[in-house]
Every structure is written in structure tokens, then in C-alpha cells.
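**Q** sharing a model prediction with you, sequence too.
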Amino acid sequence: MTSYDRPTSDVDPQGTDASAESPPQEGADGRQVTEAALFEAFGGVRGMVETVVPGLLFVAIFTVNKDLHSSAIAALAVSLVLAAVRLVRKDTVKHAFSGVFGVAFGVVFAMMTGNAKDFYLPGMLYTLGLALAYLITTLAGVPLIGLMLGPVFKENLSWRTRNPGRKKAYAKASWAWGLILLAKCAILFPLYWWADTTQLGWVLIALKIPPFLLAVYLTWVFLVKAPPPIDVFAEMEAKEKAEQEAEERRRTERQALDQAAGDLYGDVGPEAATEPPADRPRGRARHRR
């Protein structure tokens, strides 16, 4: 268990129950935070465009001239241009590069087999694997959506042990993603065997955005109703600040004690002050008198 998901004590210093479930993220602030996090995680409108355009260009060109090479080169070229634009503008490139790699795998696979339909096969296999990952991780108690969005919400893995309501919301969202993607695969894989390249391509393009938007919307619904995330980064900063303040107090106290000892004993020091004066009569001498 990491410091990010370590359970807190049952009762906080004010006497409230820290293990109780936090209230849902009600109001405009909670909705805006959730919307911003989902927009960042899934790329927003621009990310969807970068996902759709290469495949759309491939199927459009192939529909016209039935030439695999020109269609594949055009799709790869436009994906590289989209990634280059992000690099020039110093934007986040993860969505653009994921598109480049996806298109590149499709191009290589189609070129190797000579079958234009194989341009879509790597992406379809990725979708199937992702659907299974959502379902399996949810059954294992670590829903994939939580692993993806935890860092975005600055909660990391704290939802696993410290925020049960949020873990439940992540599980619901992961189930939604897994089942939606499985339904998409149930449509596409039969078409891969029965339909021709253009039919498969246009259906795949049509199924790019709607299932994605549905899954994102359901994730938003579940998370808005869930308890707010625990900002573990803020907790770590507060802990470090408290430790620094405690160390500063100890240093100040030591300096104050040293100053008080110096004022009390003067230059002779505390060891010299404990010795009896040289001219003080000893106990036996007083008895002899």
C-alpha cells in the first residue's frame, strides 16, 4: 500500500468520523472539475477529430480509387501532420501520437497482407482488448477508469481504500466502457468477415464518436454523483509543511534553551557552577570546630 492510498484514522482531530463517505460533488464546481478532468483525459473535441480524420481519409480515398497504397499513405500523412501541429503549438501530444501509432500499425498490417480491410484490424483488436481490460480490472477491484483518472483528479489510488463511494463510481464507469466497447466489437468483427473494405470502413467511422460520447457521458454522470476526490498531492504538501514547521519550532526551542543557559551560568559554564568554591569549609572541618 502506497502513501497515496493509505487509510486515515477513523476520527480526525476535530472528532469527526474520517471513514464516513464524503458528500457527493454537488453544484457547478463539482461538475466543472469533472468535465475538465474528462476533457483532459480523453482529449476533447480535438482528440476526437485526430482519431477520426485518418480513418475517414483512408476509407474516402479507397472508396474512390480502390488503391491501398495511396489510401494508406494519405491516412498516415494526415496523422503525422496533426501530431506535428501539436508539437509546434506545444500542446499535449499523447492523443495525436496514439493516433499516429494506430494508423502506422494499420498501414503496416495492410501492406503486409495486401488486404485493405486489415488497415482496420489492429484498431479493432485494440478495442476488444480495451473492453476486456475494463471488465477484468473492475472484477479485480481496481477499475481501469480509476487508474486512468486518478492522477488527473490528483487523487492517485486513494479512492481504493479511502473513498469507497468514488471507487463504486469508477467501477460503474468501467463497466459502461467495457460493455459499450464489446457491443461495438460485436458489430465490427462480423463485418470484417462478411463486408467489403468500404462498407466496413464507413460503419467503423460511424461508430467512432457515438459510443465514445455515450461512455464519456455515463462516466461524467457517475462521477458527478460520487464523493469528491481526495487531493493526495495537497495532503503531501501539507504534511511536508507541518514537518518543516515542527523542525523550525524545535530549532527555535533549542536556541532559546542555549540562550537561557548562557544567561544563567555566564562565562564559567554550567559545569563550573556545580563545583563548590575553593574557600568554602568542608563538612569535617566544621565538625572539628
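**A** That came through, no problem.
**Q** which helices and strands sit right next to the top helix by length along the chain?
**A** Longest helix in the chain by number of residues (criterion: DSSP state H): helix 232-265. Contact here means 3 or more C-beta pairs under 8 Å, 6 or more residues apart in numbering; DSSP states H and E; on that basis helix 232-265 packs against helix 269-273. Where C-beta positions appear, they are placed from N, C-alpha and C, glycine not excepted.
**Q** tell me which residues in the helix or strand harbouring Pro210 are buried?
**A** For Pro210, the element it lies in under DSSP states H and E is helix 209-224. Within helix 209-224, the residues that count as buried by 16 or more other C-beta atoms under 10 Å are 211-212, 215-216, 218-220, 222-224.
**Q** ok, those residues vs Thr51, which is closest?
**A** In terms of C-beta to C-beta, no member of those lies closer to Thr51 than Phe212, at 8.2 Å.
**Q** next, Leu181: secondary structure please.
**A** Following DSSP: H, G, I helix; E, B strand; the rest coil, Leu181 is assigned to helix.
**Q** Trp202 contacts Val59, correct?
**A** Yes - applying C-beta atoms under 8 Å as the test, Trp202 and Val59 come out as touching, 6.0 Å apart.
**Q** so which of those two has more stuff around it?
**A** Between Trp202 and Val59, Val59 has the larger neighbour count (other C-beta atoms under 10 Å), namely 24 against 16.
**Q** so how far is Arg254 from Pro122?
**A** 66 Å (C-beta to C-beta, to the nearest Å).
**Q** between the two, which is the more surrounded one?
**A** Comparing Pro122 with Arg254 by neighbour count (other C-beta under 10 Å), the higher total belongs to Pro122, at 19 against 10.
**Q** any low-confidence regions in the stretch 151-289 of the chain?
**A** 235, 263, 265-289 (pLDDT under 70).
**Q** so where's the stretch 1-150 of the chain shaky on pLDDT?
**A** 1-30, 32-33, 40, 43, 92-96.
**Q** can you map out the helices along it?
**A** According to DSSP state H, counting those that start in this stretch, the stretch 1-150 of the chain carries its helices in the segments 27-42, 44-65, 68-89, 94-113, 121-139, 144-149.
**Q** pick the most deeply packed of these.
**A** Ranked by mean neighbour count, the helices of the stretch 1-150 of the chain are led by helix 144-149 with a mean of 22 (mean count of other C-beta atoms under 10 Å).
**Q** off-centre distance for it?
**A** Distance of helix 144-149 from the chain centroid (C-alpha atoms, centre = their mean, to the nearest Å) equals 6 Å.
**Q** coming back round to it: out of the helices of the stretch 1-150 of the chain, flag the one nearest Ala260.
**A** Here helix 27-42 is closest among these (C-beta to C-beta), at 51.2 Å.
**Q** closest one to Pro190 among the helices of the stretch 1-150 of the chain?
**A** Nearest of the helices of the stretch 1-150 of the chain (C-beta to C-beta): helix 121-139, 11.2 Å.
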